[in-house]
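Asks: Give the three-dimensional model of this entry:
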Amino acid sequence: MLGICRGRRKFLVVSLTLLFVPAFTWIYLFAGSFDDGKSVSLSAVESQPHSPRYTAWSQRERDSLEVHVREIEEENRSLRKQLSIAQRKGPVHHHSNHSKTYSMEEGTGDSENVRAAVITGNSSECGQRPVVEKCETIHVAIVCAGYNASRDVVTLVKSVLFHRRNPLHFHLIADAIAKQILASLFQTWMVPAVRIDFYDADELKSEVSWIPNKHYSGIYGLMKLVLTKTLPSSLERVIVLDTDITFATDIAELWAVFHKFKGVILLLLHKLRKMKWEQMWRLTAERELMSMLSTSLADQDIFNAVIKQNPFLVYQLPCFWNVQLSDHTRSEQCYKDVSDLKVIHWNSPKKLRVKNKHVEFFRNLYLTFLEYDGNLLRRELFGCPSEADVNSEKLQKQLSELDEDDLCYEFRRERFTVHRTHLYFLHYDYEPASDNTDVTLVAQLSMDRLQMLEAICKHWEGPISLALYLSDAEAQQFLRYAQGSEVLMSRANIGYHVVYKEGQFYPVNLLRNVAMKHVNTPYMFLSDIDFLPMYGLYEYLRKSVVQLDMANTKKALIVPAFETLRYRLAFPKSKAELLSMLDVGTLFTFRYHVWTKGHGPTNYAKWRTATTPYRVEWEADFEPYVVVRQHCPEYDRRFVGFGWNKVAHIMELDAQEYEFVVLPNAYMIHMPHAPSFDITKFRSNKQYRICLKTLKEEFQQDMSRRYGFAALKYLTAENNS
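Replies: Modelled structure (predicted):
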């Protein structure tokens, strides 16, 4: 696959002729180079070319290294002969229709500058069943940085998990953003026989920042150069993947190549360690950049230059291991049938919009994994014991203690369900105001409330933290919706956290907790997605937290709630206008006709004439919308679907001695919508209501145990209501 240049053209030409060199072919080069027997420092002083230590590397030492490299090349001529003999000694296949000679440069077919190679189809050794032990762990390294790459890598991982039969160990070289996102994702995904380790990409920037690079991947596109220093010294082999890859076969087939050439490859890797790879690529890069000025293909330019000078370092793979989908590749020459495909590489900046003869087929294959239910990949590898996981063992213990014959079993089980969670599904960039008064609106939603987002954004200019309950397919629909919305794309201060669907109930309080947990402002406005805040509420709340000394007191500021039955409403721009609409029946106090107790304690009669904040007392079933400090009690997860989810939280705030204060010039309005599935179940299913009552009683008993005598009033109030 990988062309070995024989001409003496300048490096720029070589890079262009190798434009479509697959990313996989060099992984065998580094398979054992991680095992150098000692730990390696990531000190910037050691790596910066302009640092004193680096400058001390004299020209004489550079010349000495070049001489050493030439000596090694001489020594390895015999090794190249051994490699060619090993390849010729492989089994002979008589499927001549699967064997063709291709030019290595798929874009131009320029055989003058690249050596033609015989590429064998799936009947070759590389395409046969892998010679991999049943429970052997396969190591995979991926460089991932930022919000978009964190989404892309999930599709790659899904395609690997779908086909795999072996334990996997992912080594993720990630920036702070990707680590936060992917650590949470894998922790909540809980896939058996999968281990994740993270390496700080930001610590590696100094290793490669001196290389001018024009590639769209930026500085992170150069980090594969330093994998030998980054990954553990005990790691002997690793497959290195880009995030824009889709697997169409078991990754063990690729891993098996290590086994097939073990005798030769380990010997070559031993030579690599003796040759000091770090100095080799740096010396090559410095030499070539003198004429090239900057890289256009990121790390691939450096690899190409090293390979040009040291062609013996590379073992060629058939190109069905890297079917590249760029506008100018002839990828169809890599396969004759769908069964030939191994790996699809979307290595064009155009990604799915690339022009290709069979792009519709490839796109559909990619979309299959993009929208595939990741929960289905939580399958055990039979016969391969997983490493002990504390969280998994704790979960199994909790579930085993539940009585499956209990009529409320499904309700109780939901409390312990671990939902796969993808934080910051879209780009997020917001620093809280320096005056420590900033407020984040917190809400949760499912796909049927998506249309409310743009309206809320027009009413609330401050930061928002949203938890979205979606399936994998719905998450992609949301992504397309958001990317097509000028309103949403103009806002970088909205954190979208996708919680993937699982089970039969809407986990409303889990969603609220996820959204609350990722608030980075001192205060939170705990709202719901079907409420529109009054214009200017964000600034009004920031002033109120100062006025009421929220930083030093435990207060919950109540924003009075109203509702309309009209889908089209001339939203009131002031309290006076709202009162007029109340008087004529265009607006109502929220749920006054079906659930008066929920908001009655707000005392709307007093609010009509109030000009200063006033205090109200907790009452049974009180569930106002409040502004609280960032670190307040979480919502109780036992309450799912409809009923008592906010009531229990307000009761918890009261038990912790929060003071409820109504804001005189704040309001929010509930917009009409079709009833949710959960409220329909509550109204129609008697057992649902029985289980909700049981959960309420258990919650009150828990409150009594936690807060003692002070919690007796909740039992008394419930009995009197």
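Asks: Counting neighbours, which bits of stretch 427-434 end up buried?
Replies: Within stretch 427-434, the residues scored as buried using 16 or more other CB atoms under 10 Å are 428, 430, 432. In short, each C-beta sits where N, CA and C put it, glycine included.
Asks: For that stretch, measure first residue to last.
Replies: 22 Å (CA to CA, to the nearest Å).
Asks: ok, back up a step: now the buried residues of stretch 427-434 in TSV, with pLDDT?
Replies: Formatted as TSV, those follow (pLDDT from 0 to 100):
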residue	pLDDT
Y428	96
Y430	94
P432	93
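Asks: Make a markdown table out of those residues and add secondary structure and distance to N520.
Replies: Shown next, in a markdown table, are these (DSSP: H, G, I helix; E, B strand; the rest coil; distance: CB to CB, whole Å):
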| residue | secondary structure | distance to N520 |
| --- | --- | --- |
| Y428 | coil | 9 |
| Y430 | coil | 7 |
| P432 | coil | 6 |
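Asks: and stretch 538-557, C-alpha only, in CSV?
Replies: What follows is stretch 538-557, C-alpha atoms only, in CSV (Å, rounded to 0.1, in the frame of the first residue of the first chain):
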residue,chain,number,x,y,z
TYR,A,538,-31.4,37.1,33.3
GLU,A,539,-30.2,40.6,34.3
TYR,A,540,-33.0,41.0,36.8
LEU,A,541,-31.9,37.8,38.6
ARG,A,542,-28.2,38.9,38.6
LYS,A,543,-29.2,42.1,40.4
SER,A,544,-31.5,40.1,42.8
VAL,A,545,-28.8,37.8,44.0
VAL,A,546,-26.8,40.8,45.1
GLN,A,547,-29.7,42.6,46.6
LEU,A,548,-30.7,39.5,48.6
ASP,A,549,-27.1,38.6,49.6
MET,A,550,-27.4,35.1,48.1
ALA,A,551,-23.7,34.5,48.5
ASN,A,552,-23.9,34.5,52.2
THR,A,553,-27.4,33.1,52.9
LYS,A,554,-29.4,30.0,52.0
LYS,A,555,-32.2,31.4,49.9
ALA,A,556,-34.4,30.0,47.0
LEU,A,557,-35.7,32.9,44.9
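Asks: Pull up the distance across stretch 593-602, start to finish.
Replies: In stretch 593-602, first residue to last residue: 15 Å (CA to CA).
Asks: quick one: A620 and K597 touch, right?
Replies: Yes. Using CB atoms under 8 Å, A620 is in contact with K597, at 6.6 Å.
Asks: can you pull the buried residues of the longest helix along the chain?
Replies: Secondary structure of the chain per DSSP state H: the longest helix is helix 686-707. For helix 686-707, a neighbour-count test (16+ other CB under 10 Å) marks 688, 691-692, 695-696, 699-700, 703-704, 707 as buried.
Asks: Would you convert those residues into CSV that also reports distance to P613 and pLDDT?
Replies: CSV is the format used below for the buried residues of helix 686-707 (distance: CB to CB, whole Å; pLDDT from 0 to 100):
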residue, distance to P613, pLDDT
Y688, 39, 85
C691, 39, 86
L692, 34, 87
L695, 34, 88
K696, 31, 89
F699, 30, 90
Q700, 30, 88
M703, 28, 89
S704, 32, 89
Y707, 26, 87
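Asks: Strands of the stretch 551-700 of the chain, start to end?
Replies: For the stretch 551-700 of the chain, applying DSSP state E, counting those that start in this stretch gives strands covering 555-559, 561-563, 588-589, 614-616, 625-629, 659-662, 668-670.
Asks: follow-up on the earlier one: can you spell out which helices and strands pack onto the longest helix of the chain?
Replies: helix 409-414, helix 645-655, helix 677-684, helix 712-720 (3 or more CB pairs under 8 Å, 6 or more residues apart in numbering; DSSP states H and E).
Asks: any idea which of those helices scores lowest on pLDDT?
Replies: For these, the bottom mean pLDDT is recorded on helix 712-720, which sits at a mean of 70.
Asks: re the thing from before, report the inter-axis angle for the longest helix of the chain versus helix 677-684.
Replies: Between the axes of helix 686-707 and helix 677-684, defined by axes from the mean of the first three to the mean of the last three CA atoms, to 10 degrees, the angle is 100 degrees.
Asks: before we move on, the earlier item: I'd like the helices and strands packed on helix 686-707 laid out as a markdown table, including distance to E486 and mean neighbour count.
Replies: Putting the helices and strands packed on helix 686-707 into a markdown table (distance: least, CB to CB, whole Å; neighbours: other CB atoms under 10 Å) gives the following:
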| stretch | distance to E486 | mean neighbour count |
| --- | --- | --- |
| helix 409-414 | 38 | 18 |
| helix 645-655 | 33 | 22 |
| helix 677-684 | 31 | 14 |
| helix 712-720 | 48 | 13 |
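Asks: For Q630, find the nearest of the ones you listed.
Replies: Of all these, helix 645-655 sits nearest to Q630, with 14.0 Å by CB to CB.
Asks: Using CSV, list the CA coordinates for that closest one.
Replies: Coordinates of the C-alpha atoms in helix 645-655 are reproduced here as CSV (Å, rounded to 0.1, in the frame of the first residue of the first chain):
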residue,chain,number,x,y,z
ASN,A,645,-40.3,15.1,41.0
LYS,A,646,-40.1,18.8,41.9
VAL,A,647,-42.2,18.5,45.1
ALA,A,648,-39.6,16.3,46.7
HIS,A,649,-36.8,18.6,45.7
ILE,A,650,-38.5,21.7,47.3
MET,A,651,-39.1,19.6,50.4
GLU,A,652,-35.4,18.8,50.6
LEU,A,653,-34.5,22.5,50.2
ASP,A,654,-36.9,23.3,53.1
ALA,A,655,-35.4,20.6,55.3
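Asks: Could you name the helices and strands sitting against it?
Replies: In terms of contacts (3+ CB pairs under 8 Å, 6+ apart), helix 645-655 is packed against helix 508-517, strand 625-629, helix 686-707.
Asks: can you put those in a markdown table and add distance to Y658?
Replies: Shown next, in a markdown table, are the helices and strands packed on helix 645-655 (distance: least, CB to CB, whole Å):
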| stretch | distance to Y658 |
| --- | --- |
| helix 508-517 | 15 |
| strand 625-629 | 7 |
| helix 686-707 | 13 |
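Asks: weakest of those in terms of mean pLDDT?
Replies: helix 686-707 (a mean of 88).
Asks: relative orientation of that helix and helix 645-655 in degrees?
Replies: In terms of direction (the same axes, to 10 degrees), helix 686-707 departs from helix 645-655 by 10 degrees.
Asks: what's in contact with helix 686-707?
Replies: 407-408, 411, 636, 638-639, 641, 643-644, 648, 651-652, 655, 681-682, 711-712, 714-715, 718 (CB atoms under 8 Å, 6 or more residues apart in numbering).
Asks: where along the stretch 201-350 of the chain do the strands fall?
Replies: 239-241, 245-247, 323-324, 343-345.
Asks: Which of those strands has the lowest mean pLDDT?
Replies: Here the lowest mean pLDDT among the strands of the stretch 201-350 of the chain goes to strand 323-324, at a mean of 69.
Asks: where does the residue nearest to Y567 when sequence neighbours are not counted fall, phi/psi-wise?
Replies: Leaving aside its chain neighbours, Y567 sits nearest to P672 (5.7 Å; criterion: CB to CB, 6 or more residues apart in numbering). Note on P672: its backbone torsions stand at phi -70, psi 150 [degrees, to the nearest 10].
Asks: Tell me how many other residues crowd P672.
Replies: Neighbourhood size, P672 [other CB atoms under 10 Å]: 11.
Asks: of the strands of the stretch 201-350 of the chain, which approaches S485 most closely?
Replies: Nearest to S485 among these is strand 245-247 (27.7 Å), distances taken as CB to CB.
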